[in-house]
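Engineer: Turn this into a model:
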Amino acid sequence: MRSASVLLPLLLIAGCSCQRQGDGVEAAAAASATPSPRTTAVTVPADADAAAAAAGTVPATPPPGAVAAGAADEGATVRNYIGVLLRGDRAAAAAYWAGGTTRLQPEDAPLHRLTDVVSLRVDTDTPIARDTARPSRLREVPMRLRILTRQGTLHYHGWYRLQPRADGSGWELSGASLQPSLD
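Structural biologist: Numbering: from 1, shown residues only. As a prediction, the model looks like this:
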């Protein structure tokens, strides 16, 4: 309170910045001599998407996708791969992997050993971008499996990593992590 009583007379003596200028010519001269505080330097980004982001607008056309427009999405690719694998078509399953092979020790080895599959349920979640490229070129698809075999029911959870095929025609598997889970 005491500081307010000291500042009030100072403001009255110095004058308020909201008072009108005496002469329009003097005001124009003062304005041209000193830059306006609202004026800021603007740099133009080289990228059109960055320019739109800086302006707070969305680009008129979305960026091109990492894969062809008609290709199966990441979740569908994972579901299709698991279905083919559990039907026993190892060659078709290998075609889903980068390089066309599941290598000697696939990350999803428990699925390769399954026999007598009666039913299968694959739940995939929203893919997660695992790189900073735009559009993302490395995605991770979290998933859960419920597999009914003649010996019993198995539950797994984990993820598959995907990348665009070299020709951009769709997604291919590049890694996996699969763990048994109790339900």
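Engineer: only C-alpha atoms for contact and neighbour calcs from this point on.
Structural biologist: OK.
Engineer: from memory T77 sits against P164, does it?
Structural biologist: No. Here T77 does not reach P164: they are 11.3 Å apart, not a contact under Cα atoms under 8 Å.
Engineer: Find residues that contact each of those two.
Structural biologist: Contact criterion Cα atoms under 8 Å, 6 or more residues apart in numbering; residues shared by T77 and P164: W171, E172.
Engineer: Let me see the ranges of the helices in the protein.
Structural biologist: 2-14, 24-33, 48-55, 74-86, 90-94, 109-112 (DSSP state H).
Engineer: which residues are in contact with the fifth one?
Structural biologist: With contact meaning Cα under 8 Å, 6+ apart, helix 90-94 is reached by Y81, I82, V84, L85, G100, T101, T102.
Engineer: and which of the residues you listed is nearest T153?
Structural biologist: I82 (16.3 Å; Cα to Cα).
Engineer: ok, back up a step: narrow the contacts of helix 90-94 to just the buried residues.
Structural biologist: Listed as buried from these are Y81, I82, V84, L85, T101, T102; burial here means 16 or more other Cα atoms under 10 Å.
Engineer: From those residues, which shows the smallest pLDDT?
Structural biologist: When these are compared on pLDDT, T102 comes out lowest, with 65.
Engineer: contacting residues for the closest residue to D116 other than its chain neighbours?
Structural biologist: Closest residue in space to D116, ignoring its immediate chain neighbours: T149 at 5.5 Å, by Cα to Cα, 6 or more residues apart in numbering. Contacts for T149 (Cα under 8 Å, 6+ apart) come out as T115, D116, V117, V118, S119.
Engineer: Which two of those residues have the greatest separation?
Structural biologist: Greatest spacing in the contacts of T149, by Cα to Cα: T115 and S119 (11.4 Å).
Engineer: circling back: filter the contacts of T149 down to the buried ones.
Structural biologist: For these, a burial check counting by 16+ other Cα under 10 Å picks out V117.
Engineer: got a markdown table for the contacts of T149, with distance to A66 and pLDDT too?
Structural biologist: What follows is those, written out as a markdown table (distance: Cα to Cα, whole Å; pLDDT from 0 to 100):
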| residue | distance to A66 | pLDDT |
| --- | --- | --- |
| T115 | 35 | 85 |
| D116 | 37 | 88 |
| V117 | 34 | 91 |
| V118 | 36 | 93 |
| S119 | 33 | 94 |
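Engineer: so where's the chain uncertain?
Structural biologist: Scanning the chain for pLDDT under 70 picks out 1-65, 102-105, 183.
Engineer: any chance you could map the strands in it?
Structural biologist: For the chain, strands defined by DSSP state E occupy the ranges 117-124, 128-129, 139-149, 152-164, 171-180.
Engineer: on that earlier part again, so the residue nearest to D116 versus G83, what's the distance?
Structural biologist: To G83, T149 is 14 Å away according to Cα to Cα, to the nearest Å.
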